[in-house]
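Novice: just need the structure, nothing else, for what follows:
(2 chains, ligands or ions: 1)
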Amino acid sequence: MQPKKRLDVTADACPVTLVRALLALEELAGGDILEVHLAAGEAAKNVPRSLACGGHKILSLDRLDEDTYLLYVEKCGGE
Amino acid sequence: MLTDEQIFRYSRHLLLPEIGGRGQEKLLAAKVLLIGAGGLGSVAAQYLSAAGVGTLGIMDPDRVDLSNLQRQLIHSTADVGLLKVESAKNKIALLNPGVTVIPYQYTATAGSISQILPQYDLVIDGCDNFITRYLVSDAAVLYNKPYFYGSVLRFDGHASVFYPPRAPCYRCVFPAAPLPGAVPTCQEAGVFNVVPGIIGLIQAAEALKWLLGAGEPLLGRLLVFDASAMEFTEVRIGRRPSCAVCGEHPAITELLPENYEQPSCE
Ligand SMILES: [Zn+2]
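Specialist: Numbers count the residues shown, from 1 in each chain, chains lettered A, B, ... in the order given. This is a model prediction of the structure:
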């Protein structure tokens, strides 16, 4: 899984976490992969769900450490 | 690229797929001309500013009067006596310092409109006299700018987007002004204060949608609002081939000052 772009929103709160992820996805082409570092808790729960609701594909969501999750999301409109 | 401040300020718009970062950039780059900083203009100016429309031109020759404050909510009691364009500019600076306001403290004339309108993407009419309205509408046709129409009287309001050839122009629907005295002005007739608020918001909504390319514009439809019954009615309107400005053989092909002579906008 080769991300086109990496984003760290661990310092942000909702909904700016999601806004930054959406803005990053806007810059990518359909099918491109975005890597997002999310704070454990609300952001890790809500951001993947909202991105999936928006039609993007959640490839994986893994706990990196105590405080951080690592999300891989594929921009919709790939194939 | 949006700044952090902009990401926070506009976050609720950035979350909408119809707007997002690209849409916000369009709004930031947009230039909107508002004719009148009265009841309609007050509301439109505040919502366009809050949404981050980059440049707002506001044209109004008048000063804030105590009798304006019942419906022109961009102005405050302390602003009585100030030029409306200055008062509006001050208020917008407090609301969103990212917006550039260009005040034009004079009446719309053939000369001033033909200088100013070409610099803008669209025009919102917040004026309430017929001469200015025909002038702005004719100018919009001649310079190919979409014209966001609104008018209010007592408990009633109108709104539409005029843009030939996709839709009629104002003259297609209202070919000539009523005779002086046939229709009372706002000063004589009174206006229920929420009506300009609602109509001004519809104008702002249509202008924002237009700039974003989102949704279905209010083209070819005249929205008629009756606050008394709390009813919206939609009247289908079409182009008139004999229209004096956008018809097949237009009589109006340039803005001649003698065709638009009148006292100022209320
Ligand atoms: Zn016409």
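Novice: now residue 12: closest residue in space, sequence neighbours ignored.
Specialist: The chain I'm using is chain A. Closest residue in space to A:Asp12, ignoring its immediate chain neighbours: A:Arg20 at 6.4 Å, by C-beta to C-beta, 6 or more residues apart in numbering or on different chains. For glycine as for every other residue, the C-beta is placed from the backbone atoms N, C-alpha and C.
Novice: ah, no, chain B please
Specialist: Here the residue nearest B:Arg12, using C-beta to C-beta, 6+ apart, is A:Pro15, at 7.8 Å.
Novice: try A:Glu26
Specialist: Excluding the flanking residues, the one nearest A:Glu26 by C-beta to C-beta, 6+ apart is B:Gly21, at 4.9 Å.
Novice: does the one you found belong to a helix or a strand, and which?
Specialist: helix B:20-29 (DSSP states H and E).
Novice: now do that helix: distance to the chain's middle.
Specialist: Distance of helix B:20-29 from the chain centroid (C-alpha atoms, centre = their mean, to the nearest Å) equals 21 Å.
Novice: what residues does the next helix or strand along the chain from that helix touch?
Specialist: Using DSSP H and E, the helix or strand that follows helix B:20-29 in sequence is strand B:31-35. Strand B:31-35 has contacts (C-beta atoms under 8 Å, 6 or more residues apart in numbering or on different chains) with B:41, B:44-45, B:48, B:53-60, B:108, B:116-117, B:119-127, B:132, B:136, B:207, B:211, B:265.
Novice: for chain B, what lies in contact range of the ion?
Specialist: Residues of chain B found near the ion (C-beta under 5 Å from the ion) are B:Cys169, B:Arg171, B:Cys172, B:Cys243, B:Cys246.
Novice: chain A: which of those residues is nearest?
Specialist: Within the residues of chain B next to the ion, the smallest distance to chain A is 36.3 Å, found for B:Cys169 (C-beta to the nearest C-beta).
Novice: part of a helix, is A:Leu7?
Specialist: No: counting by DSSP: H, G, I helix; E, B strand; the rest coil, A:Leu7 falls outside a helix, being strand.
Novice: distance check, it against B:Ile19.
Specialist: 20 Å (C-beta to C-beta, to the nearest Å).
Novice: same check on A:Met1?
Specialist: A:Met1 is 30 Å from B:Ile19, by C-beta to C-beta.
Novice: these two: which is more packed in?
Specialist: Each of A:Met1 and B:Ile19 has its neighbours counted (other C-beta atoms under 10 Å in any protein chain shown); B:Ile19 has more, 20 against 8.
Novice: that one touches B:Gly213, doesn't it?
Specialist: No: under the criterion of C-beta atoms under 8 Å, B:Ile19 makes no contact with B:Gly213, lying 10.4 Å away.
Novice: for the residue nearest to B:Asn193 when sequence neighbours are not counted, give me the pLDDT.
Specialist: Nearest non-adjacent residue to B:Asn193, counting by C-beta to C-beta, 6+ apart: B:Arg71, 4.0 Å away. As predicted, B:Arg71 sits at a pLDDT of 97.
Novice: give me phi/psi at B:Arg71?
Specialist: Backbone torsions for B:Arg71, taken as degrees, to the nearest 10, come to phi -140, psi -10.
Novice: can you count the residues close to A:Leu64?
Specialist: Neighbour number of A:Leu64 under other C-beta under 10 Å is 12.
Novice: how about it, secondary structure?
Specialist: With three-state DSSP as the basis, A:Leu64 sits in strand.
Novice: which residues does residue 48 contact?
Specialist: All of this refers to chain A. Contacts of A:Pro48 (C-beta under 8 Å, 6+ apart): A:Ile58, A:Leu61, A:Leu71, A:Val73.
Novice: ah, no, chain B please
Specialist: B:Val32, B:Leu34, B:Leu56, B:Ala204, B:Ala207, B:Leu208.
Novice: one more time with 6 Å
Specialist: For B:Leu48, the contact set (C-beta atoms under 6 Å, 6 or more residues apart in numbering or on different chains) comprises B:Val32, B:Ala204.
Novice: check which helix or strand it maps to.
Specialist: Following DSSP H and E, one finds B:Leu48 within helix B:39-51.
Novice: how far does that helix sit from the chain's center?
Specialist: Distance, centroid of helix B:39-51 to centroid of chain: 9 Å (C-alpha atoms, centre = their mean).
Novice: what does stretch B:195-210 give?
Specialist: 8 Å.
Novice: ok, now stretch A:27-46?
Specialist: Distance of stretch A:27-46 from the chain centroid (C-alpha atoms, centre = their mean) equals 1 Å.
Novice: show me where chain A has its helices.
Specialist: Ranges of helices in chain A, per DSSP state H, are A:16-26, A:42-53.
Novice: so what's B:Pro164 up against?
Specialist: B:Val141, B:Cys246.
Novice: please name the nearest non-neighbouring residue to the most centrally placed residue in chain A.
Specialist: Closest residue to the average C-alpha location of chain A: A:Val36 at 4.4 Å, with C-alpha atoms, centre = their mean. Nearest residue to A:Val36, sequence neighbours excluded (C-beta to C-beta, 6+ apart): A:Leu71, at 4.3 Å.
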